[in-house]
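Undergrad: Any chance you could fold what I've pasted below:
(2 chains)
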There are 2 protein chains.
Amino acid sequence: MAKKLSRGVAVVGVGMSKFGVFPEKTSRDLFVEAFQELRQSVQKGFDPKDIEAFYMGNFTSDCFENQAHLAPIMASWVGISPVESTRIEDACASGGVALRQGVLAIASGEVDVVLVGGLEKMTDLPGAKVTDALALAADSLFEIPAGFTFPGFYAAMATAYLDQYKADPDALLRVGIKNHKNGGLNEKAQFNQSIKDVMISKQRKAAQKGLPIPEWADEMAFLKDPKANPMIAWPLRLFDCSPVSDGAAAVLLVSEEMAAKFTDEPIFVVGSGQASDGALAERASLSEIPAAAKASRRAYEMAGLTPDDIDFAEVHDCFTIAEIMATEDLGFFPRGEGWKAAMQGQTAHDGSHPINTSGGLKSKGHPVGASGVGQVVEVWKQMHGLAGERQLCGNLRHALTHNVGGTGQTCVVHIFEKRN
Amino acid sequence: MAKKLSRGVAVVGVGMSKFGVFPEKTSRDLFVEAFQELRQSVQKGFDPKDIEAFYMGNFTSDCFENQAHLAPIMASWVGISPVESTRIEDACASGGVALRQGVLAIASGEVDVVLVGGLEKMTDLPGAKVTDALALAADSLFEIPAGFTFPGFYAAMATAYLDQYKADPDALLRVGIKNHKNGGLNEKAQFNQSIKDVMISKQRKAAQKGLPIPEWADEMAFLKDPKANPMIAWPLRLFDCSPVSDGAAAVLLVSEEMAAKFTDEPIFVVGSGQASDGALAERASLSEIPAAAKASRRAYEMAGLTPDDIDFAEVHDCFTIAEIMATEDLGFFPRGEGWKAAMQGQTAHDGSHPINTSGGLKSKGHPVGASGVGQVVEVWKQMHGLAGERQLCGNLRHALTHNVGGTGQTCVVHIFEKRN
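TA: Model (predicted):
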């Protein structure tokens, strides 16, 4: 029973900072980088004064930077005050939910031009404090007191998944290999290296230090070497986990009728859906994220499309298992088949269902509030043939983004369409 | 150039917890209280399963409660998962901005029934930590390093105002007397006492302890007694400052065409406006809040109304000076005349422009994220003749709410209309 939006909405420009670790930069610097790139990306140019509303996805600048009230502060910093400025927080889904608010604001008839931002500056805190801050995304009553941190939550899901479907744990490693391969072709990625590149780099470092040079038969052997890829929470190893990152991303949305003023090649937002859920302990199954299935159903209904219509997708691979579950929750593969698809290369760049051509959260990085907005940047690049060495072939008409918060308490899905 | 919303929006129910200090309650308890009262308030009843979206205004549960991602968690707690659930943060304006997101979501055509919540649980932290948390609402680069906390910011504004308009500082005290008088008639208020009640209570306590019983000629004498009402930041004394509070509020919004299904007496949201600003240091004048004037202009234009049409208003009196500035920013009085109106009783319950009949933030309490939503509860009560001893006389057709974040980096204004 998804409803039609009152007005159509188009993406007319995107920008992002490099994702990574930037001790010399503030979050303001990063957001300016994203905003400036966005300005350059708008084919026919635009005056920032045309922006009528600003939604900023951010998880917890409160704890990372001692700064709440981030939206009007960033609006002032990029020179768009007094535009209405609202921070959206839904943990790691903050960016995708901010995008949805921008879509709804335009559909409401109240505004025509909306800036959607996503931002997180995580690496200024020491590691243990980052873990504490990330734990705010979980339920403080039902999840945290059980002794879990996020790798543990997703390890529990991975364990349930592997058990339920008798899946080969190597599928997890395959996701990491694929996403690093894609991220190795993305200059904005935090880990701009394939696993092969990582292996060579480790060998080089050993040689420089005069240490014995480690040898691995292939990428799988490297990822199974407990020294190269230590276990974090069984079955998740280091290379199954997305990193702690700094980064910002921005998207310019306009009403459908105004799109031609900005570009001859808009990307339309034809589907948008969001759903919520309780704590992990309340769910009937740990091998799926019910909110993702619900959010995507809503988005597909709004778009009048099915999973088969989607040419490529950026999904929330905070851990490798999350990508496998996502490909099932989104209907790309039947339940219990996602791991096989990962093994068989169906989600690879040249597969039937390319997933995370950007490198995903795993390789591109996961500056929490920026991740959901950064996904749209990849959709834009692929659909405009701007993805360089990682450009997908063929006519890309429909793409999907999938952004998850917490242990799946929030999921938001968007579907994009290129019409010319 | 405010635009018409694509669809009309109505309030069909409201609820709030008592505001105050509740060490024995969690924020979940408080939100349940608000939600249960809301359920009772819906004339024809409703099934919580009809709710299609949930917006939760909250400033920093991150720091107050070690819990972000509050919206889906509260949705689960009141039994409305998997409804889409989004936390909105714009410092002390979070509640009013959440209301605006609910209005826009319905206007967008995407949803028909929206729950808007506001929540803050502030008193579990020790006082100094509360001050630190509140400081997150100010600009960490341009405001906090100047050594200010919030009483200081508003004291600077008060100083500028008093100087610019040669205003009598007694006007500030008059605001406090009025709001405590109103709050004394509001059983939900944290300080459910008029200043006279406070005086009597202090005398009684002294008598009980066998101490000399203090005597004051009147309320003004009490408020000028530095022992009874110590200076916090000149010219603001203790009774010029809103308190640290726990509390929750909730409002049920529906599309105009569905309103009759819920109640025969809906209140329509006919105006909504929001604006932002940079740090205090960037402003040409400290004696006004430019974002408030801009937000209200947008709301008046959308409603097709002027300040003269407003029968009563709930404004953001985080400090007494803020109420005086608000009555000018909103156009109720010309610049420099707000303090005279306060002195002359024009904003009193029986005045020409009743302001904060609920007691305002000053007396009702200021659980940050809940304040903007709580304002709508008072609008509902007054318009339905449910305000008990503080009920306004006459036919109340139009009301306004005004919610400010930080030092005025955010302001959001709503206008409500009763049609029968």
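Undergrad: List the contacts of the residue of the stretch 301-420 of chain A found nearest chain B.
TA: Proximity of the stretch 301-420 of chain A to chain B (CB to the nearest CB) peaks at A:Gln409, 3.8 Å away. (Each C-beta comes from the backbone N, C-alpha and C, glycine too.) The contact partners of A:Gln409, taken as CB atoms under 8 Å, 6 or more residues apart in numbering or on different chains, are A:Ala91, A:Asp139, A:Ser276, A:Asp277, A:Gly278, A:Ala279, A:Ala291, B:His69, B:Pro72, B:Ile73, B:Ser76, B:Ser85.
Undergrad: now these as TSV including neighbour count?
TA: Shown next, in TSV, are the contacts of A:Gln409 (neighbours: other CB atoms under 10 Å in any protein chain shown):
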residue	neighbour count
A:Ala91	28
A:Asp139	23
A:Ser276	33
A:Asp277	26
A:Gly278	22
A:Ala279	22
A:Ala291	32
B:His69	30
B:Pro72	35
B:Ile73	32
B:Ser76	22
B:Ser85	32
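Undergrad: can you put those residues in CSV and add distance to B:Glu52?
TA: Formatted as CSV, the contacts of A:Gln409 follow (distance: CB to CB, whole Å):
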residue, distance to B:Glu52
A:Ala91, 21
A:Asp139, 23
A:Ser276, 12
A:Asp277, 16
A:Gly278, 18
A:Ala279, 22
A:Ala291, 15
B:His69, 20
B:Pro72, 15
B:Ile73, 19
B:Ser76, 16
B:Ser85, 11
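Undergrad: what about the strands in chain A?
TA: A:9-16, A:53-57, A:84-89, A:113-121, A:231-233, A:236-237, A:246-255, A:267-276, A:312-314, A:398-405, A:410-418 (DSSP state E).
Undergrad: mind checking which of these is nearest A:Met343?
TA: Nearest to A:Met343 among those is strand A:236-237; the distance by CB to CB comes to 17.0 Å.
Undergrad: will you turn the strands of chain A into CSV that also has mean pLDDT?
TA: Output for the strands of chain A, formatted as CSV (pLDDT from 0 to 100):
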stretch, mean pLDDT
strand A:9-16, 98
strand A:53-57, 98
strand A:84-89, 98
strand A:113-121, 98
strand A:231-233, 97
strand A:236-237, 98
strand A:246-255, 98
strand A:267-276, 98
strand A:312-314, 98
strand A:398-405, 98
strand A:410-418, 98
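Undergrad: Check those for me and report the most buried one.
TA: strand A:84-89 (a mean of 32; mean count of other CB atoms under 10 Å in any protein chain shown).
Undergrad: The least confident helix or strand in chain A by mean pLDDT vs strand A:113-121, what angle?
TA: Least confident helix or strand of chain A, by mean pLDDT, DSSP states H and E, is helix A:127-135 with a mean of 92. Helix A:127-135 runs at 140 degrees relative to strand A:113-121, counting by axes from the mean of the first three to the mean of the last three CA atoms, to 10 degrees.
Undergrad: contact partners of stretch A:201-214?
TA: Under CB under 8 Å, 6+ apart, the answer for stretch A:201-214 is A:Gln193, A:Glu215, A:Asp225, A:Lys227, A:Ala228.
Undergrad: can you list the weak-confidence ranges in chain A?
TA: Residue ranges of chain A with pLDDT under 70: A:1-3.
Undergrad: Kindly provide the distance from A:Glu378 to B:Lys261.
TA: 43 Å (CB to CB, to the nearest Å).
Undergrad: Which one's more surrounded, these two?
TA: A:Glu378 (28 against 13; other CB atoms under 10 Å in any protein chain shown).
Undergrad: my read: the more buried one touches A:Ile355, true?
TA: No - taking contacts as CB atoms under 8 Å, A:Glu378 lies outside contact range of A:Ile355: 11.0 Å.
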